[in-house]
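Student: Give me coordinates for this.
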Amino acid sequence: MNGRVQRILIPFFYCLAVACLVEIPLAQTDMFGEDVILWDTLFRTILAMPGLWYFYREDQQLRVEVKWDFTVMAKLAAVGAIASIVFRILFEFIGMPGYESVEQNLLSGNPMLQIIVLLAASPMLEEFFFRGVLYGRLKEVVSVNHAIWISALGFGLYHANLSQGIYGFLMGLFLAWTMEKFQTVKAPIAVHIASNLAAMCMEWI
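Tutor: As a prediction, the model looks like this:
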């Protein structure tokens with residue numbers, strides 16, 4: 001097997017194995033109730049992050065981190081928050097199929113668990129895999145532009161829901177761009193956290 005392709009497949013199957021390790025037992029119990037999706041994400045993050053951190057650090061020599069400051073981070077976060085608000089309003093206006101069920105599953109559970117998962121666990125898990133590891137390794141096989149599109153498509157499909165998939169794909173393009181621009185996973189994480197925070201605030205208002 002081509003070594004570069006293998007470098008993409010290893011973290012993919014690692015995360016798939018972690019997902020199975022978590023989701024199979026969760027499917028056998030109802031003790032987590034309506035918060036099961038949030039707990040699922042939290043457990044997967046706890047188990048997957050050590051490996052994802054290893055993969056990310058393994059590729060460190062391939063990145064030259066661009067200096068950035070609080071102002072840049074704030075601008076990136078603002079884009080993430082605005083995008084989240086715009087898409088929420090748009091999806092509600094057009095009645096996007098599946099949108100309400102997603103909102104109910106993620107934003108109607110235990111508030112403290114929502115904060116932990118949506119503002120920490122989920123951004124860390126998804127950004128380290130899709131942007132921190134997958135995107136960087138895709139660039140070893142295809143061009144930067146193709147890597148951005150492929151990682152964004154994977155991010156959209158990952159959400160397994162039409163409304164979240166469309167939003168995930170479009171946001172994935174921007175998130176991958178921030179990774180390429182700043183060469184650090186901190187950039188897409190900042191955008192992701194701001195996006196989730198905006199969605200939570202709109203739900204709570």
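Student: In contact with the residue most central in space within the chain, which residues?
Tutor: Centroid-nearest residue in the chain, with C-alpha atoms, centre = their mean: Glu126, separated by 3.1 Å. The neighbourhood of Glu126, defined by C-beta atoms under 8 Å, 6 or more residues apart in numbering, consists of Phe155, Tyr158, His192. C-beta: built from backbone N, CA, C; applies to glycine.
Student: Identify those among the residues you listed that sit within strands.
Tutor: Secondary structure from DSSP state E places none of the contacts of Glu126 in strands.
Student: pLDDT check: weakest of these?
Tutor: Among those, Tyr158 carries the weakest pLDDT, at 92.
Student: Identify the residues contacting Met49.
Tutor: By C-beta under 8 Å, 6+ apart, the neighbours of Met49 are Met124, Leu125, Phe128.
Student: Apart from its neighbours in sequence, what residue is nearest the last one?
Tutor: Closest residue in space to Phe128, ignoring its immediate chain neighbours: Leu52 at 4.2 Å, by C-beta to C-beta, 6 or more residues apart in numbering.
Student: Now name the helix or strand holding that neighbour.
Tutor: Secondary structure assignment for Leu52, by DSSP states H and E: helix 36-58.
Student: Looks like Arg44 contacts Ala17 (just checking).
Tutor: No: with contacts counted by C-beta atoms under 8 Å, Arg44 stays clear of Ala17, the gap being 10.6 Å.
Student: Please identify which of the two sits among more neighbours.
Tutor: Arg44 (20 against 13; other C-beta atoms under 10 Å).
Student: Only the buried residues of the helix holding Leu52, if you could.
Tutor: Going by neighbour count (16 or more other C-beta atoms under 10 Å), the buried part of helix 36-58 is 36, 38-45, 47-49, 51-52, 55-56.
Student: Give me the mean pLDDT for it.
Tutor: Mean predicted confidence for helix 36-58 is 95.
Student: Give me the distance from it to the chain's centre.
Tutor: In terms of C-alpha atoms, centre = their mean, to the nearest Å, the centre of helix 36-58 is found 11 Å from the chain centre.
Student: Next secondary structure after that helix?
Tutor: Defined by DSSP H and E, the subsequent element after helix 36-58 is helix 70-94.
Student: need the helices for the protein, in chain order.
Tutor: 3-26, 36-58, 70-94, 99-107, 111-116, 122-127, 136-138, 144-158, 162-182, 186-204 (DSSP state H).
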